[in-house]
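Engineer: With the sequence up front, the predicted model follows.
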Amino acid sequence: MYRDNTLVPREAVRLLALGLLATREMTYAQLAAEVRHFTTHVVGPSLDLVASPVELLKVEGLVTAVEDADGSDEQETLQISEAGRAELDLLLKSNVRPGISDINKLIITLKMRFLHLLGPEDRDLQIEMVAEMFERQLVRLTELRAHPAEVGGCLKDWLDHEIAQTRESVVWFEGLRAKIG
């Protein structure tokens, strides 16, 4: 993690892998395929996001192998360990960096995907934290839009577009807060 308790990209993949295993057991091949599928559809293809973080889970004791009924380990099935559950909880409660980058989109998407794995109080805190991040982003964009020297060319139209999207996210998270809270 970064010093501000936000996730580095490989920890986002760790969160995804542990979250998937917290919902069901799967083979390493299935896990790698699901991690690759999810990250590719959120941030695009990236070998940096998939390879090593998934391999390390077993070495670090965050997942364990379930013994196959036939005793073979050709298709070893993995399950999350108690240490893995503790790590998942820590990762789910991490902060989100200001601004909307591809990695932030991935982290927010993962938080929403696995929000149900947190207790009610932690779930509320995570929703509030992400909502506040969008609210701060809206303030920054609105202030930039209001500065006369900054709105030349196509920038005004692009800022209007970004402000509308960010405002929509703020409204969506307010609705989620009301729905869950």
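Structural biologist: Noted; the coordinates are in hand.
Engineer: And the strands in the chain?
Structural biologist: Assigned by DSSP state E, the chain shows strands spanning 26-27, 63-66, 77-80.
Engineer: Highest mean neighbour count across the ones you listed, which stretch is it?
Structural biologist: strand 77-80 (a mean of 20; mean count of other Cβ atoms under 10 Å). Using the backbone N, CA and C atoms, a C-beta is placed for each residue, glycine as well.
Engineer: could you say what helices and strands that strand packs with?
Structural biologist: Judged by 3 or more Cβ pairs under 8 Å, 6 or more residues apart in numbering; DSSP states H and E, strand 77-80 is in contact with helix 9-23, strand 26-27, strand 63-66.
Engineer: list the contacts for the closest residue to Gln79 other than its chain neighbours?
Structural biologist: In space, and not counting its chain neighbours, Gln79 is closest to Glu25: 4.5 Å by Cβ to Cβ, 6 or more residues apart in numbering. Glu25 sits next to Val66, Thr77, Leu78, Gln79 when contact means Cβ atoms under 8 Å, 6 or more residues apart in numbering.
Engineer: With respect to Val8, which of those residues is nearest?
Structural biologist: Using Cβ to Cβ, Leu78 comes nearest to Val8 of the contacts of Glu25, at 22.7 Å.
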